[in-house]
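**Q** Requesting a structural model of the entry that follows:
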Amino acid sequence: MTIDFVPTVTAGAITREAVQQLLEEYRSAYDRSDQAYFDLFAPDATFFILSSPTRIDSREEFQRVFTLAAGTARRSQLLSPEIRILGDTALVSLHCRVALGEEQQYLRETLVVTRGARGDLRIAHLHVSPQDMPSVPDSPERAVEEISVIEERTATTASTVGTPK
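**A** Predicted coordinates for the structure are as follows:
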């Protein structure tokens, strides 16, 4: 007796395309300072954000702490999102660039996405941390010295071993 196993997609399965659509709604509502931004989170979502020293344990509390000021010129870009589908949950990690007027801020974000009670996708957890942009020193003082040492070692090695013909 042979039993054929046919995998089926359950109502809880989440697709990459659905998560990408949620991310676009998330970015767009944030840029517009729209109430729809908060509606993307589950009522019992948890948050670690820059403006709070402790975990926030509900969408309602998050909305009190994190206000989106209407009329703020805001542009954001979600960069290099990685979406990992884990059955009925998705884990999303990304870099975010936010421009507020002339200032830019670089962030790292992690979102846990699940299905809400009505089957729509909701963000169950958001973790935001700052990302410092790497800087390169203008002219390190020892750079010339390091180059000289490398040139000397190369010349010594070439004279010892010879050069290829």
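
**Q** tell me the secondary structure for the residue most central in space within the chain?
**A** By CA atoms, centre = their mean, the chain has its centre lying nearest to L94, at 1.9 Å. Per DSSP: H, G, I helix; E, B strand; the rest coil, the secondary structure class of L94 is strand.

**Q** and what of L50?
**A** Strictly by three-state DSSP, L50 counts as coil.

**Q** distance of the closest residue to the residue nearest to the centre of the chain other than its chain neighbours from T72?
**A** Once flanking residues are discounted, L94 sits nearest to P81: 4.0 Å by CB to CB, 6 or more residues apart in numbering. In this view, the C-beta of every residue, glycine as well, is placed from N, C-alpha and C. The gap separating P81 from T72 is 24 Å, by CB to CB, to the nearest Å.

**Q** quick one, which of these two is more surrounded?
**A** Legend: neighbour count by other CB atoms under 10 Å for P81 and T72, higher for P81 (15 against 11).

**Q** confidence score at that one?
**A** The model reports P81 with a pLDDT of 97.

**Q** May I ask you to confirm that it is in contact with L91?
**A** No - judged on CB atoms under 8 Å, P81 makes no contact with L91 at a distance of 10.8 Å.

**Q** who touches the nearest residue to G116 once chain neighbours are set aside in this structure?
**A** Among residues not flanking G116 along the chain, R122 sits closest, at 4.1 Å (CB to CB, 6+ apart). By CB atoms under 8 Å, 6 or more residues apart in numbering, R122 lies in contact with 40-42, 45, 113-116.

**Q** Narrow those residues to those in strands?
**A** Among those, DSSP state E puts 41-42, 45, 113-115 in strands.

**Q** for these, which one is nearest E102?
**A** The closest of the ones in strands among the contacts of R122 to E102 turns out to be F41 (CB to CB; 29.3 Å).
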